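>>> build me a structure from this.
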Amino acid sequence: MKLYNYFRSSASFRVRIALNLKGLPFDYIPVHIARGEHLAGSFAAISADMLVPLLEDEDERFSQSMAIIEYLDETNPEPPLLPHDPVGRAKVRALSESIACEIHPVNNLRVLKYLVRELKLDDAAKNAWYRHWVREGMLAFERQLNQLPAGIYCYGNTPTMADCCLVPQIFNAQRFDCDLSDLPRTMAAFEACMQLDAFRRAQPSSCPDAEA
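Residues are numbered from 1 along each chain as shown. Below you'll find the predicted structure:
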């Protein structure tokens, strides 16, 4: 397998965690999205949406991190990243999508660049935008966790797709100095994840294209 990704991309980070949890080796192909490498050249020729991550496996290419993670779970079922029962799967998907569909899209790099370049926001206003939507989203995530039975991770006592989404979001939130107070279950799940090698090896600082 080949994973085209960028060390700071939270969507790429999700997939790296999933691959590590599954114990699946992969070739790391860096695509520097901050420099626009995803918009031209050889990567643009193979990626319809010109976004990372992109997974190549068995002569097929897969885009969108959530679809990739579910593909990995279906083709390599152990350890599972989604519960076996329909209720559990729906709960984990809801937690995952709270981050991947509610927080991340309004705060990804191309949106932040648009705020600055087209809408002429300064860095302070851009960062206020980022922190506002992260805070709103994480409070909603915490409320969801509070409706679930207690567990070590987001859902139960084994990592799931929800944890694959949570950890990169917390990394980005910390990088932007977001308010993460009053999120006890969220942060407990994050801390539990970071005790695992699969999560530590996937973090941006461990990537071959990492920058200070």
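>>> give the buried residues for the longest helix anywhere in the chain.
Once the chain is assigned using DSSP state H, the helix that runs over the most residues is helix 123-146. For helix 123-146, the buried set under the neighbour-count rule, 16 or more other C-beta atoms under 10 Å, comprises 126, 129-131, 133-135, 137-138, 141-142, 144-145. Using the backbone N, CA and C atoms, a C-beta is placed for each residue, glycine as well.
>>> with respect to P79, which of those is nearest?
Of all the buried residues of helix 123-146, the one sitting nearest P79 is L145; the distance, using C-beta to C-beta, is 21.1 Å.
>>> ok, now which ones touch the residue nearest to the closest one when sequence neighbours are not counted?
Nearest non-adjacent residue to L145, counting by C-beta to C-beta, 6 or more residues apart in numbering: R185, 4.1 Å away. By C-beta atoms under 8 Å, 6 or more residues apart in numbering, the residues touching R185 are E142, L145, N146.
>>> now do the helices in this protein.
Under the criterion DSSP H, the chain contains helices at 10-22, 41-46, 65-75, 86-97, 109-117, 123-146, 161-175, 184-193, 197-202.
>>> indicate which one of these is closest to I29.
Using C-beta to C-beta as the measure, helix 41-46 is the one of the helices of the chain that comes nearest I29, at 8.5 Å.
>>> follow-up on the earlier one: got the contacts of R185 as CSV, with distance to A173 and pLDDT columns?
Conversion of these to CSV gives the following (distance: C-beta to C-beta, whole Å; pLDDT from 0 to 100):
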residue, distance to A173, pLDDT
E142, 13, 98
L145, 16, 98
N146, 19, 98
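>>> can you give me the pLDDT of P184?
Per-residue confidence at P184 stands at 98 (pLDDT).
>>> once you drop chain neighbours, what's closest to it?
Nearest residue to P184 in three dimensions, chain neighbours excluded: E142, at 7.7 Å (C-beta to C-beta, 6+ apart).
>>> these two touch, right, the one you found and S181?
No: assessed by C-beta atoms under 8 Å, E142 is found out of contact with S181, at 10.7 Å.
>>> quick check: closest non-adjacent residue to Q203.
Taking C-beta to C-beta, 6+ apart, and ignoring the residues beside it in sequence, Q203 has F171 as its nearest neighbour in space, at 6.8 Å.
>>> so how far is L180 from the one you found?
Going from F171 to L180 by C-beta to C-beta, to the nearest Å gives 11 Å.
>>> likewise for N20?
Distance check for N20 against L180: by C-beta to C-beta, it reads 24 Å.
>>> send me the longest helix of the chain as PDB with only the CA atoms.
This file holds the C-alpha atoms of helix 123-146, laid out as PDB (Å, rounded to 0.1, in the frame of the first residue of the first chain):
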ATOM      1  CA  ASP A 123      -4.100  36.300  11.500                       C
ATOM      2  CA  ALA A 124      -5.900  37.300  14.700                       C
ATOM      3  CA  ALA A 125      -9.300  37.100  13.000                       C
ATOM      4  CA  LYS A 126      -8.400  33.900  11.200                       C
ATOM      5  CA  ASN A 127      -7.300  32.300  14.500                       C
ATOM      6  CA  ALA A 128     -10.400  33.500  16.300                       C
ATOM      7  CA  TRP A 129     -12.500  31.800  13.500                       C
ATOM      8  CA  TYR A 130     -10.500  28.500  14.000                       C
ATOM      9  CA  ARG A 131     -10.800  28.600  17.800                       C
ATOM     10  CA  HIS A 132     -14.500  29.300  17.800                       C
ATOM     11  CA  TRP A 133     -15.400  26.400  15.600                       C
ATOM     12  CA  VAL A 134     -13.100  24.000  17.400                       C
ATOM     13  CA  ARG A 135     -14.500  25.000  20.700                       C
ATOM     14  CA  GLU A 136     -18.100  24.700  19.600                       C
ATOM     15  CA  GLY A 137     -17.400  21.300  18.000                       C
ATOM     16  CA  MET A 138     -15.500  19.800  20.900                       C
ATOM     17  CA  LEU A 139     -18.200  20.800  23.400                       C
ATOM     18  CA  ALA A 140     -20.700  19.000  21.200                       C
ATOM     19  CA  PHE A 141     -18.400  16.000  21.100                       C
ATOM     20  CA  GLU A 142     -18.100  16.000  24.900                       C
ATOM     21  CA  ARG A 143     -21.900  16.100  25.100                       C
ATOM     22  CA  GLN A 144     -22.100  13.000  22.900                       C
ATOM     23  CA  LEU A 145     -19.500  11.200  25.000                       C
ATOM     24  CA  ASN A 146     -21.500  12.000  28.100                       C
END
